[in-house]
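**Q** Sequence plus the predicted model coming up.
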Amino acid sequence: MTDFPQPQGGNEMPRFAGRGTMMRLPSVESPADLDVAFVGIPLDIGTSQRSGTRYGPRAIRADSVMIRPYNMATGAAPFDSLRVGDLGDVPINTYSLLKSVDIIENYYTELNNWPIIPLTLGGDHTLTLPILRALAKKHGPMGLIHIDAHTDTNDEMFGEKIAHGTTFRRAVEEGLLDCQRVVQIGQRAQGYAADDFQWGVDQGFHLVPAEQCWYRSMAPLMAEVRARIGDGPVYLSYDIDSFDPAWAPGTGTPEVGGLTSMQGLEIVRGCRGLNLVGGDLVEVSPPYDISGMTSQLAANILYEMLCVLPGVRYTEKKA
C-alpha cells in the first residue's frame with residue numbers, strides 16, 4: 001500500500017450498500033502493510049446466560065456504516081495517520097470452546113509477525129484470553145484496562161476453567177498481566193459471596209465499581225488510570241455489558257446501574273497517550289438488541305479505540 005486506505009464514503013456509495021466491512025474499510029487477506037487490523041471473532045460457546053454473540057462481529061460491522069473518518073470532538077484523524085483494514089473473522093470451531101481458544105491464539109500469534117495493532121470485534125469474553133496469550137509472546141506481561149459489569153475472575157464455571165467469566169484469573173495465573181497495572185471499571189450487581197470482587201484486588205488490580213462512576217465524568221478517573229498504567233504496553237478490553245441496559249440491551253448478561261454512553265466515550269478517549277497494543281469490544285448479542293442500538297454503540301467504541309492508538313495524528317480544532 002502506498003497511501004492510507006479510507007472508509008467508503010456515504011456520497012460514494014449509499015450507506016445501506018457497498019462494503020460489509022468495519023466502517024466499510026477495504027477487506028484485506030493479509031496484514032502486510034497494515035498498522036491496524038479489525039478482526040472479528042464470532043464466538044458464543046463460552047457464554048453462561050444468553051447466547052448470540054457469534055453474530056456480534058457481523059452486526060457491529062453492519063451498524064458501523066454511519067461512522068465518518070474524522071473525530072469532530074477530539075480532532076483525531078486516524079485514517080490520515082494509520083493504514084487500517086478489515087481482516088475478516090477468525091475461523092473458530094463452532095463445537096469446541098477449547099479448540100476455538102487454540103485457533104484464536106494461533107491466529108493472533110501469527111499476527112505478531114507484523115507490526116500491527118489488532119482491534120477485535122466479539123464474540124464472548126473468552127476470546128480475550130487467547131489474544132493476551134498471543135500478545136504476551138511479543139510484549140511480555142501487559143497492563144490491562146478492563147471495562148465490564150463483571151470482574152471475570154471466577155476460578156471455574158460449571159467445573160470448567162475456560163469460559164467468559166474466568167478470563168482474567170487465567171491471564172494472571174499464566175503471567176500474561178502486570179497486575180499492578182490492571183484497572184477494572186464498572187463492576188456491579190450481586191455476587192455469590194461478599195468478597196466476589198476481591199480476588200483481583202488481592203493480586204494488585206485497581207477496581208472501580210459502577211457506583212463510584214455514578215453522577216460523574218470519567219475524565220478525572222482516566223487521568224488517574226493513565227498515571228497508574230504508565231508507558232508500558234497495555235491492552236484495552238471493553239465488555240458492552242458495562243453499559244446500562246438502557247444503552248446496550250443486546251448482551252448476554254445485562255446488569256442494571258451501568259455506565260452511560262457518554263461515560264464510555266470519556267473512558268476510551270482518556271486512554272489517549274497510552275501504549276495500547278490491542279483492544280477488543282465483546283459480548284454484543286444481536287438477537288437481544290433493539291434496532292441495532294447496542295451494535296451501533298459497540299462500533300463507535302471501537303472507532304474511539306482506533307482514534308487513541310499510538311501514531312494517530314490530531315487536527316487542530318478551530319474555536
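**A** Yep, that arrived.
**Q** And Gly270, how far from Asn112?
**A** Remark: distance between Gly270 and Asn112 (C-beta to C-beta, to the nearest Å) = 27 Å. Where C-beta positions appear, they are placed from N, C-alpha and C, glycine not excepted.
**Q** Can you show me the strands along the stretch 51-200 of the chain?
**A** For the stretch 51-200 of the chain, the strands defined by DSSP state E, counting those that start in this stretch occupy 84-89, 117-122, 142-147, 177-185.
**Q** Next up, the contacts around Met66.
**A** By C-beta atoms under 8 Å, 6 or more residues apart in numbering, the contact set of Met66 is 15, 296.
**Q** Same check on the one 10 residues further on?
**A** With contact set as C-beta under 8 Å, 6+ apart, Ala76 has these partners: 70, 307-308, 312-314.
**Q** how close does Tyr303 sit to Tyr70?
**A** Applying C-beta to C-beta to Tyr303 and Tyr70 gives a distance of 11 Å.
**Q** The two - which one has more neighbours?
**A** Shown here are Tyr303 and Tyr70; by other C-beta atoms under 10 Å, Tyr303 has more neighbours (21 against 14).
**Q** hang on, isn't the more buried one packed against Ile60?
**A** No - counting by C-beta atoms under 8 Å, Ile60 is not a contact partner of Tyr303; they are 10.4 Å apart.
**Q** which one of Gly270 and Asn112 has more residues nearby?
**A** A side-by-side neighbour count of Gly270 and Asn112, using other C-beta under 10 Å, places Gly270 first with 21 against 14.
**Q** Was I right to think the more buried one contacts Met218?
**A** Yes - proximity of Gly270 to Met218 meets the contact threshold set by C-beta under 8 Å, at 6.4 Å.
**Q** Now do the same contact list for the nearest residue to Asp178 once chain neighbours are set aside.
**A** In space, and not counting its chain neighbours, Asp178 is closest to Pro141: 4.4 Å by C-beta to C-beta, 6 or more residues apart in numbering. By C-beta under 8 Å, 6+ apart, the contact set of Pro141 is 175-178.
**Q** try Glu160
**A** Glu160 makes contact with 97, 166 under the criterion C-beta under 8 Å, 6+ apart.
**Q** Pull the number of nearby residues for the nearest residue to Gly204 once chain neighbours are set aside.
**A** The shortest distance from Gly204 to any non-neighbouring residue, by C-beta to C-beta, 6+ apart, is to Cys179 (3.7 Å). Other residues near Cys179 come to 19 when the count uses other C-beta under 10 Å.
**Q** and Cys179, how far is that from Asp202?
**A** Taken as C-beta to C-beta, the span from Cys179 to Asp202 is 9 Å.
**Q** before we move on, what about Asp124?
**A** Using C-beta to C-beta, Asp124 is found at 26 Å from Asp202.
**Q** Next, the buried residues of stretch 137-146.
**A** 138-139, 141-146 (16 or more other C-beta atoms under 10 Å).
**Q** can you give me the end-to-end distance of stretch 194-202?
**A** 14 Å (C-alpha to C-alpha, to the nearest Å).
**Q** I misspoke; the intended subject was stretch 139-158.
**A** Using C-alpha to C-alpha, one end of stretch 139-158 lies 33 Å from the other.
**Q** What mean pLDDT does the helix or strand encompassing Val39 get?
**A** If you go by DSSP states H and E, Val39 is part of strand 36-41. The average pLDDT within strand 36-41 is 97.
**Q** okay, the angle between that strand and strand 84-89?
**A** 20 degrees (axes from the mean of the first three to the mean of the last three C-alpha atoms, to 10 degrees).
**Q** For strand 36-41, C-alpha coordinates in PDB please.
**A** Only the C-alpha atoms of strand 36-41 are listed here, as PDB (Å, rounded to 0.1, in the frame of the first residue of the first chain):
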ATOM      1  CA  VAL A  36      -4.200  -1.600  12.500                       C
ATOM      2  CA  ALA A  37      -6.400  -4.600  11.700                       C
ATOM      3  CA  PHE A  38     -10.000  -5.100  12.600                       C
ATOM      4  CA  VAL A  39     -10.700  -8.800  13.300                       C
ATOM      5  CA  GLY A  40     -14.000 -10.500  14.100                       C
ATOM      6  CA  ILE A  41     -14.300 -13.500  16.400                       C
END
